[in-house]
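Q: Can you look at this prediction? I've put the sequence above it.
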Amino acid sequence: MKRIVPYLLLLLSIRVMGQNTNNIDITGKIYDQKTGVGLPGATVHIKGTTHEVVTDKDGRFRFLTGQKLPVVLQVSYVGYQAREVAENTSRNIDIWLAETSSQLNDVVVVGYGTQRRKDLTSAISTIKAAEVAGTPVASFDAQLQGKAPGLQINSNAGVPGDGIFVRVRGTTSINADNNPLYIVDGVFVNNTSLQTVNSGGRSTSPLADINPADIENIEVLKDASATAIYGSRGANGVVIVTTKRGGFNARSKLNLDVSTGAAWAPKLWDLTTGPQHAALVNEFYTNSYQDAVAANDPAGINKYKTQPFIGSALNPGVTTGRGTPDLQKTYDRLHEIFRTGNLQNYNLSLSGGNKETRYYLGGGYTRQEADIKPLYFQRVSFKLNVDEKVNEYIQVGVSNNFSRTFRNQGRAGDGPAGGLLQSALHTPTYLPELNADGTPARWAGFDNLQVLLKNYNVNTVSLRYIGNLYFDAQITPELKFHSTFSLDYNNYNESEYWNNLTQLGAPPTNGLATSTITQSSTWINEQTLSYRKNFSGRHNLGVLIGNTVQSNPVNITFAQGSGFPSNAYKNISSAATRTSWDSSRKANLSSFFARIDYNFANKYYVELSGRADGSSKFGVNNKWGYFPSVGVSWRAKEETFLKKVDAISDLKLRASYGITGNQSGISFYASQGLWSGGYGYPDGSSGDQPGAAPFQLSNPNLKWESTKQANLGLDLGLLNGRITVDFNVYYKYTSNALLLLPIPGITGFTNYYSNAGEISNKGYELGINSVNIRNGAFTWQTNFSISGNTNKVEKLPAPIYQYNRNWIVMQQGSPLYSFWLYKQLYVDPKTGASVFEGQVNGTLPASARQVMHNAMPKFFGGINNTVTWKGFDLSVLFSYQYGNYTYNLNKFFGEGGGTRDANRVIFSDQLRRWQKPGDVTDVPRVTAYGLSYTIDQNSRFLEDASFIRLRSLTLGYTIPRRITERLKVETVRVYFSGTNLLLLTKYTGPDPEANVTGIETVQGLDLGTPPQPRTIQFGLNITL
Amino acid sequence: MNLKKYLFLILLPGFLSCHKFLDQQPVDYVSDQVTIVDATSAQTAVRGIYRKLSSDNYYGSLFQSFGYLSGDNVQWTGSQSIIQQFITHNLKSDNGNLESVWTGIYSTINLANHVITKVPGVKDPSLTQALSNQLTGEAYLIRALSYFDLVRTWGGVPIVLTPTLTPSDKDTVKRSTAAQVYAQVLSDLNTAENLLPAPASGSPNPVRANKETAQALKARYYLYQGQWADAANYASLVIGDVKNYTLLKPYSAFFFPASAIATKESVFELSYSATNTNGHRGYWQPPANGGTRQWAPSDAFISLVNDPTIGGNRNTLVAKTSAGLWYGNLYYRSPATDPAYIIRIAELYLIRAEARAQQDDVSDALADLDTVRARAALVPSTATTKDDILLAIENERRIEFAFEPHRWYDLVRTGRAAAVLGVSDPRKYVFPLPIAEVNLSKGNLPQNDGYQ
């Protein structure tokens, strides 16, 4: 392993100053090749001697010995490639070390501890935060797309700070949470949005409260061996976030990072012009009239006998029409709402430490405007991590994250009133913005766009504290006690004000305001006792036991007012009608866990872990759940037959099996039979008196959802670690899935919480990291990942339909997120009518409706290339998904064939309609009759949403040290980063990653959400 | 090192996880074990039935829409073809509104069953026999109305008479015939009529049921059954209470101005408040008034209601936006506290008119018809023969109850749906059962003929 690649020596920037064979006096400094920062604690050894020194806190060293020149210096530092440097003169030298690509000795954070990567028996991916820092999204999870095998990330909308879709190895549950467990510095943080205001179905991301700049690295725990120690929280994977800390004996370092940039929507919708819209509607009337005559429908004949776009608009008295199509104007609302948003990001940090104390102080400010007015996201964050060695046995420390996020929110999504894209996109283009009298015109049930933009007043302020206090005691060299107290507190304050110019506040409402304050806290107390010892050199044993108690109270207070004296009054106290409610709930969890790991000669590994969780959500009989796991691995490289094979630098086989659970996401009182108040009704003729009604049926047998998972893995290192391969296959089977099981309506209920479903996920993950070229000045690395997952609902007593027209169905035998549609086979070239599978004599029975495709990809991943040359660094990340479908609801509305006349825009695609016999198209003849435009669940709008996206591109330049040194600055780096610069997809909407709702069981419905922005940013990073 | 001594102190909080810690009770809800135990909780539960009856799925909006969308007074102006299916009589069993109304009605029935089962057994001195009878009677009446609405919409449905306590409670309940359901309706109406007190003279309270509410519904029941004498008799019982019920003039007086609630026009109406609003206006009102105008009066209806010889002063049912779009204006208040009208005195006049005409009592039938016409500021009907009068009543009902749930049910009841609406396939006279319910029923709920 210590052998060096000879050509590494070639590019040493050592200049020979003179010849001297006397005693040596060599001074120097060891640098990180990439950042140019001095490395404290690196070892410098003179080859073939016992002489060795360690660099100081600036990375400097000095040899003053009687050895004779020339000498070879061996330089090593944990996590870096060791180097040998031949030196034949006494002088001051700089030695640059490259980070090692072989991560075998990297420390990996695992549940309640750390392990070396080579010792893992489980499947864990690590992402260094610095690798993804260039992506300007509000939350760190959104930065991870394409970065880790098995981790699927989809953005639902191009709104910064919005919730995203995250799955680790597929979806395991129906009504319980499917998101991974997020742990920040040991704190189980809330990842369920506290949003209550209507933003058209979308929801905010609580993880956006955390400044990504404070994060050091992120581990994704995937298989049961890794996650079972989290028991009931582990079934969806665990994401462990470690924030930055200072270093003991480290010089204090000040880092400033400033970037600014722009975000805009690269593609919008193609709409018909006013004349085109009018002509299509006229054609619709003509055709419908013919069909009405054929159907002998007197009402239809009467309705369609006169086209609406006729006559002269200049002479409205003569006819009642709206003017012929050519007289129509076109009003472009899309470009009024889409903009080039501004991005700003400032981060300042100070870190360092002495012998006893280390600290990290961070402050950040971010402001990100969406590509659509008026939405923006703003965050101010503070970070303080301090660790103190009280004495040689005891260490205490704190982690603190405090942030305030502000969101200017809007209804970008579903729903007519206040809907941004409903006003801008769904309003027909021929309709003017102003009425004849100059007042703002409101059309089609939507708000006037300009009125909306000027008067939008929906704001959310989230105050978040995530922190913990820990106490470590090294009782004996082998035995360590650890105790923490953690708190995740979130005060989430939402307000809406709709003045009387907006649809929601228009007379007779006369202004509508709401205020919602939600307070959620999670406090956790945790103790662990860990023991690690090596016996007789070859037996390595580790034991961990621990317990946690956790409580999660949530309180909500809501007030609403309507009837304001004027638009000058905005507080609810000014409103004529005021209503309010409040709500509180609490869930507790108590747990005990243990882990034993053993390895023989770093060759054969076995690890057992288990956890018992008691949850207040379940009935008395089933409060406790037990979650064991076992993992084994074999480091074949340590066997004699492989030790001498130089080409293979590492080979490890892993296998694990275990059971994890799930209980989050369901109602806190899901098992109890409950009645609800709030059903007030008068005794006299008016004035509500208290009333109550059944709320939910009890299920005393409600219990944990459990997921069994088997994993087989292979870790392979080739060419001295220059190529590493990480391959896993897994099978997950979830039983007793928690779900709101539909029951016959005659019971008076529609569903109840039950353990009824079974779901399987099977898949593979492959990650390949390759250092293609590495020499002193030039490196080129490629990281490639591909993952595939197949999901199937194995058992479900009754289908569950989703979203308001049941576009999505969950049913036995099909994957989750399947679409439930009527399949349009073709448009009959003779008649122009849609022909559906299963249609009978022109009617389409409900039995013809079928499951078609689903919103999950067959495979997905990313490819990242990183090139560094001298001071330049370039990183290019592509991410991709294949085989996922999206139901294009914007198109469903926009290709209504004129049936919606003045109520909806018509997309340009409608112009491809069938017009005469022989036309071959998938867009049917426009008519009100028949099936062509009367089926809300037409498969015509289901589209392949596979894509390849240039997710991010970052180009940086670090100014040479000889320049920065004169300025007393350690490093200066300038950079450019761009995201979403290229998108390849067959999807006809602006962006295939679109989903209208934050509802966990719905994915792949594209309606009214702004597309992902294209962004560019310029930044400057200075370290003092 | 005496550290170990203190170790247990740190570990201690972790082991405090006693049983209580994992036993959390909600504060927003109460256990269903203690729901109807005394007079107060009995009254609370009965109010809950009314609020269920008035929910958006039932008399709030959706059930009402069944009655008028499937008639000929309303056109589709929104984006959801599930509405269009009613108007064009091409209902599919996966239409979401069918499911919403089905579950809305049965959840009303479930709470009524709780009251009917539990209230008579409550031991509480303040729950007097009179109060107990009244509360139980109200539950019987609403259950009767619920089954009546179910059977006139879907035909025979499962009859559930006990409260649901477990999810599998009703697994074996099979679909009853329409006749059996109508028999249950009559039985419940009779019980309600016996239990409920007469209304306080001169100060009726039409938002809560009384003996005459039961009689009014019986009149309607007998009309549907073609038992003309009974229909006329029960209608007369209610019409005869002139102190409590009267045809208000003009027509709009029962819903306009906004203060016109619980008027003497109403025999039974449902009350809403700023807290418990009525979503109905949202479907009717145009965006300018904060609605979505999912549907609107049809052109044919607009010309009828605006014809002074047909609509009379009932043209206040419709209004026009500044852009010239007509909309229905029966539900218009903000906050949305518009009452839901279940049975008005005008209906009892027209029930009696129809029942009398069917019994060939032409002159008395005309008298009732003309009473309603006179209130609408119309001249007396020129109809003379029995058939002419029946047609005149049909047309009168079309305008009088334009936006209440009658038109479709009337045309089906009288066998006129084919002639008036062109719905010639009699299998379409009942709606398809919600497909989800058919699938969940384990075979107990076969789909109606002609639907899949």
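A: Received it, and whenever you're ready, just let me know what you need.
Q: Check the nearest residue to A:P70 once chain neighbours are set aside and give its pLDDT.
A: In space, and not counting its chain neighbours, A:P70 is closest to A:N88: 3.5 Å by CB to CB, 6 or more residues apart in numbering or on different chains. C-beta coordinates here come from the backbone N, C-alpha and C atoms, glycine included. Looking at A:N88, its pLDDT stands at 78.
Q: and A:N88, how many residues sit next to it?
A: Residues lying near A:N88 (other CB atoms under 10 Å in any protein chain shown) number 15.
Q: Over to A:A568?
A: By other CB under 10 Å, neighbour count at A:A568 equals 8.
Q: Also B:D171?
A: 15.
Q: secondary structure element for it?
A: Per DSSP states H and E, B:D171 falls between elements, in no helix or strand.
Q: and the gap between it and chain A?
A: Here the criterion is CB to the nearest CB, to the nearest Å. By it, B:D171 lies 8 Å from chain A.
Q: Please apply the same query to B:S259.
A: Distance of B:S259 to chain A, computed by CB to the nearest CB: 10 Å.
Q: And that residue, how close does it get to B:R281?
A: Remark: distance between B:S259 and B:R281 (CB to CB, to the nearest Å) = 16 Å.
Q: Report pLDDT for A:G200.
A: 79.
Q: which helices and strands sit right next to the lengthiest helix in chain A?
A: What stands out as the longest helix in chain A, according to DSSP state H, is helix A:274-295. Packing partners of helix A:274-295 (3 or more CB pairs under 8 Å, 6 or more residues apart in numbering or on different chains; DSSP states H and E): helix A:298-304.
Q: helices or strands next to the helix it packs on in the packing?
A: The contact analysis (3+ CB pairs under 8 Å, 6+ apart) places helix A:298-304 against helix A:274-295, helix B:299-305.
Q: Could you say which of those helices is packed most deeply?
A: Highest mean neighbour count among those (mean count of other CB atoms under 10 Å in any protein chain shown): helix A:274-295, with a mean of 20.
Q: Off-centre distance for it?
A: Here helix A:274-295 is found 46 Å from its chain centre; the criterion is CA atoms, centre = their mean, to the nearest Å.
Q: cool, stretch A:1003-1023 as well?
A: Relative to its chain's centre, stretch A:1003-1023 lies at 12 Å (CA atoms, centre = their mean).
Q: Let's see the distance spanning that stretch from one end to the other.
A: Taking CA to CA, to the nearest Å, stretch A:1003-1023 runs 43 Å from one end to the other.
Q: Give me the buried positions along that stretch.
A: A:1003-1017, A:1019, A:1021-1023 (16 or more other CB atoms under 10 Å in any protein chain shown).
Q: That stretch vs chain B: in contact?
A: No. Stretch A:1003-1023 lies out of reach of chain B by CB under 8 Å from any CB of the partner chain, never closer than 11.2 Å.
Q: and what of stretch A:748-766?
A: Yes. Counting by CB under 8 Å from any CB, chain B is contacted by stretch A:748-766 at A:G748, A:F749, A:T750, A:Y752, A:S754.
Q: So the first one sits against B:A112, correct?
A: In this case it means A:G748. No. Contact criterion CB atoms under 8 Å: A:G748 and B:A112 do not qualify, at 9.4 Å.
Q: just to revisit the earlier point, dump the helices and strands packed on helix A:298-304 to CSV, plus distance to A:D909 and mean pLDDT.
A: Putting the helices and strands packed on helix A:298-304 into CSV (distance: least, CB to CB, whole Å; pLDDT from 0 to 100) gives the following:
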stretch, distance to A:D909, mean pLDDT
helix A:274-295, 11, 94
helix B:299-305, 31, 93
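Q: what would those helices look like in JSON lines with distance to B:A231?
A: Formatted as JSON lines, the helices and strands packed on helix A:298-304 follow (distance: least, CB to CB, whole Å):
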{"stretch": "helix A:274-295", "distance to B:A231": "38"}
{"stretch": "helix B:299-305", "distance to B:A231": "26"}
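Q: Mind checking the ones you listed for the one nearest to A:L844?
A: helix A:274-295 (16.6 Å; CB to CB).
Q: low-scoring pLDDT stretches of the stretch 51-200 of chain B, where are they?
A: For the stretch 51-200 of chain B, the stretches with pLDDT under 70 are B:79.
Q: Now whatever residue of it ends up closest to chain A: closest residue in space that isn't a chain neighbour?
A: Residue of the stretch 51-200 of chain B nearest chain A, by CB to the nearest CB: B:N110 (2.5 Å). The spatial neighbour of B:N110 that comes closest, neighbours along the chain excluded (CB to CB, 6+ apart), is A:G748 at 2.5 Å.
Q: So for chain B, the centremost residue is which one?
A: The centre of chain B sits closest to B:Y59, judged by CA atoms, centre = their mean, with a distance of 4.0 Å.
Q: isn't there a strand covering A:T192?
A: No. Per DSSP: H, G, I helix; E, B strand; the rest coil, A:T192 lies outside any strand segment and is coil.
Q: Show me which of A:G748 and B:A112 is the more surrounded one.
A: B:A112 (31 against 28).
Q: mind listing what A:L911 touches?
A: Residues in contact with A:L911, defined by CB atoms under 8 Å, 6 or more residues apart in numbering or on different chains, are A:T272, A:Q276, A:L280.
Q: nope, A:L271 is what I was after
A: A:L271 sits next to A:L334, A:L425, A:T429, A:G894, A:V905, A:I906, A:F907, A:S908 when contact means CB under 8 Å, 6+ apart.
Q: Tell me the spacing between it and A:D936.
A: Distance from A:L271 to A:D936, by CB to CB: 22 Å.
Q: Which single residue of chain A ends up nearest chain B?
A: For chain A, CB to the nearest CB, closest residue to chain B: A:G748, 2.5 Å.
Q: Chain neighbours aside, what residue packs nearest to B:L195?
A: B:G137 (3.1 Å).
Q: and what of A:N903?
A: Spatially, and ignoring its direct neighbours in sequence, A:N903 is nearest to A:A444 (4.4 Å; CB to CB, 6+ apart).
Q: same question, A:R169
A: Distance criterion CB to CB, 6+ apart; nearest residue to A:R169, sequence neighbours excluded, is A:G150 at 5.2 Å.
Q: I'd like to know how far the one you found sits from A:F1018.
A: Remark: distance between A:G150 and A:F1018 (CB to CB) = 34 Å.
Q: just to revisit the earlier point, for the residue of the stretch 51-200 of chain B closest to chain A, grab phi and psi.
A: Here is the backbone geometry of B:N110 (degrees, to the nearest 10): phi -60, psi -40.
Q: wait, it sits on B:V160?
A: Yes. Using CB under 8 Å, B:N110 makes contact with B:V160 at a distance of 7.3 Å.
Q: Can you check which residues contact both of these two?
A: With CB under 8 Å, 6+ apart as the test, B:N110 and B:V160 both reach A:T747, A:G748.
Q: out of those two, which sits in the more crowded spot?
A: Between B:N110 and B:V160, counting by other CB under 10 Å, B:N110 is the more crowded of the two (26 against 22).
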